[in-house]
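> Structural data only, the sequence is not supplied:
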């Protein structure tokens, strides 16, 4: 290692000295069954990896010992089988917090692989409690299969596989357990896009290093806690690593290239653009191709989001073009740079690839077809050790399932972000469309648990027009999405894809059911949901929702038919008329089972975010802490062929609220 280079100090690390590697494509081990379905084996192994030519080799965990893992290429509607073998050591080389779910009473090293964005049976989905140890010596309560089956029944797109083990996802992914899964279809073959040597999957992550070149990950948050090692509310590295190399370069020809960008970071977001201010041509998002290509100057990617773009270098022969990150959450002069393109190669042959006028046929979902709408708050609390903890729907991971869509139903979900920062929310199994975002009065929501819109609906960003499986839920806004639950029933997840948040209870189960029960389960809480016009607002369409309904809400095409009280609805068809028969369920009082704010020990105004000297948030006064309610112990309806939940039915534990006077700036 060159003496002047200190891996802990990004200012001493030369940029654009390592060439960007292209992840290797794995081949099937053999064919399985009479239909000769491809069978793969990937071994999760500890290995050594060189992040930079001036670094010594570092320990990583990788699929087949590689970082990134080998790329799997599959074809639409052709099933493949993958066995992910755990051959890892019994002890982790990164700090384990043993106070988290499962980590407390299970083996230290556990893995399970999730194919992110896949339409897949739940037993092959990589459920966080389907973990297993080396050679399957111990397995989690939801472990069902050693071999995952991927039917690939969805449009061609950029998927990725990564570890999803309960309570240690942040460590396993940071250690290197991630790789691309490229699903191709006949549309891609027909439209003549750049391919082969002119197509690159680009995995962007941030890392920090110790002086010996080994990976650094903090063993405690940047404020005092009584636990060590302890999870931190979020970690960002001080270098940018692309396909396993720190600030690499790529030699390109003066022609069109296709890049599949993936944000695989734990916490950091990116706003990606070209240093010469030239546009990129976006052709796809998380779930596949757009209906038509569109020019974009930049694209924002939070963790797990992907975008598919074409960059035309034909006019820039002899130039160096830098891929820029203009995200300002953790801005510094080093992490604003991602990699560099050097347009220095001679043109091997004529560029016959095309940018077609049309891509995928539109298959939009329409809100008037939805039968259920859910209002789901994102809120904050503290855990038993006084640490900040973020929640979905005011519940922890182990609390009984509350999101129970039925097969072949269309639902609208409203994420009410009552925290002062954005979250990337990922839903397993399905792809959805973003309908809108809308700002609301956070102070009113905090004090009175009422949702008052303070502005008109905002359309999705230009680069979010396609199908998505991860959405940026912006602070102080209600983000509305629509999805169609189809093909599979069983146990799935929705969670924040900031991995530290996910590991610390910002994850909830989903139970996709085959049939609708005849009536609501006894534990379901139905509350008033009145809509009022606010005379105080300047916007003519501002509304107040007096209580956020967290469960199913029947949607009606005619707003005049909305009744003050939600009820489970049975539908009786009488020729041309539909008769709605309400079933009354007692309402909970607003003061029932509310935990009171408690004083916390951390009250400094500024903290150092691990290795970055940056204040957290300048405005925390509007942080929302929604009320926590207790759900009754219940038994899930015994419906034939529906997998039964395995989550604990114990009552919710008390979650302390962070007093407004004692909030600190944290992520």
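Thanks, I have it. Model, not experiment: these values are computed from the prediction.
> max-length strand in this structure?
Using DSSP state E to define each element, the chain has its longest strand at strand 37-49.
> Who are the packing partners of that strand?
strand 30-32, strand 58-63, strand 69-75, strand 80-86 (3 or more C-beta pairs under 8 Å, 6 or more residues apart in numbering; DSSP states H and E). Placement of C-beta: from N, CA and C, glycine included.
> Just say which of these is most tucked in.
Among the helices and strands packed on strand 37-49, ranked by average contacts under mean count of other C-beta atoms under 10 Å, first place goes to strand 58-63 (a mean of 23).
> pLDDT on it, on average?
Summarised as a single mean, pLDDT over strand 58-63 is 98.
> now the angle from it to strand 69-75?
Relative orientation of strand 58-63 and strand 69-75, computed by axes from the mean of the first three to the mean of the last three C-alpha atoms, to 10 degrees: 20 degrees.
> Which secondary structure elements does strand 58-63 sit against?
strand 37-49, strand 69-75, helix 169-175, strand 215-216.
> what about 7 Å?
strand 37-49, strand 69-75, helix 169-175 (3 or more C-beta pairs under 7 Å, 6 or more residues apart in numbering; DSSP states H and E).
> Nearest to residue 216 among the ones you listed would be which one?
helix 169-175 (9.9 Å; C-beta to C-beta).
> quick one: the strands in the stretch 301-450 of the chain?
306-312, 320-325, 337-343, 372-382, 388-392, 409-417, 423-427, 432-439 (DSSP state E, counting those that start in this stretch).
> In a markdown table: those, plus mean pLDDT, mean neighbour count and distance to residue 262.
Shown next, in a markdown table, are the strands of the stretch 301-450 of the chain (pLDDT from 0 to 100; neighbours: other C-beta atoms under 10 Å; distance: least, C-beta to C-beta, whole Å):
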| stretch | mean pLDDT | mean neighbour count | distance to residue 262 |
| --- | --- | --- | --- |
| strand 306-312 | 98 | 22 | 5 |
| strand 320-325 | 98 | 19 | 13 |
| strand 337-343 | 98 | 20 | 12 |
| strand 372-382 | 96 | 22 | 24 |
| strand 388-392 | 96 | 24 | 24 |
| strand 409-417 | 98 | 22 | 22 |
| strand 423-427 | 98 | 24 | 13 |
| strand 432-439 | 98 | 20 | 19 |
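> Including distance to residue 134, could these go into CSV?
Shown next, in CSV, are the strands of the stretch 301-450 of the chain (distance: least, C-beta to C-beta, whole Å):
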stretch, distance to residue 134
strand 306-312, 31
strand 320-325, 37
strand 337-343, 35
strand 372-382, 35
strand 388-392, 31
strand 409-417, 38
strand 423-427, 28
strand 432-439, 37
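> Show me the one of those strands that comes nearest residue 242.
When the strands of the stretch 301-450 of the chain are compared by C-beta to C-beta, strand 337-343 sits nearest residue 242, at 4.9 Å.
> Name every strand pairing with that closest one and say which way it goes.
Note on strand 337-343: by DSSP bridges, its sheet partners are strand 249-252 (parallel), strand 320-325 (antiparallel).
> residues touching residue 296, list them.
Contacts for residue 296 (C-beta atoms under 7 Å, 6 or more residues apart in numbering) come out as 279-280, 282, 462-463.
> Try it again at 6 Å.
Applying C-beta atoms under 6 Å, 6 or more residues apart in numbering, we find residue 296 in contact with 280, 282, 463.
> ok, of those residues, which one's closest to residue 456?
Out of those, the member with the shortest distance to residue 456 (by C-beta to C-beta) is residue 463, at 21.1 Å.
> Checking my notes, the closest one in a strand, right?
No - per DSSP: H, G, I helix; E, B strand; the rest coil, residue 463 lies outside any strand segment and is helix.
> possible to save the helices and strands packed on strand 58-63 as JSON lines with mean pLDDT and distance to residue 17?
As requested, those are exported to JSON lines (pLDDT from 0 to 100; distance: least, C-beta to C-beta, whole Å):
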{"stretch": "strand 37-49", "mean pLDDT": "96", "distance to residue 17": "16"}
{"stretch": "strand 69-75", "mean pLDDT": "98", "distance to residue 17": "24"}
{"stretch": "helix 169-175", "mean pLDDT": "98", "distance to residue 17": "24"}
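> and these, which is most packed in?
helix 169-175 (a mean of 25).
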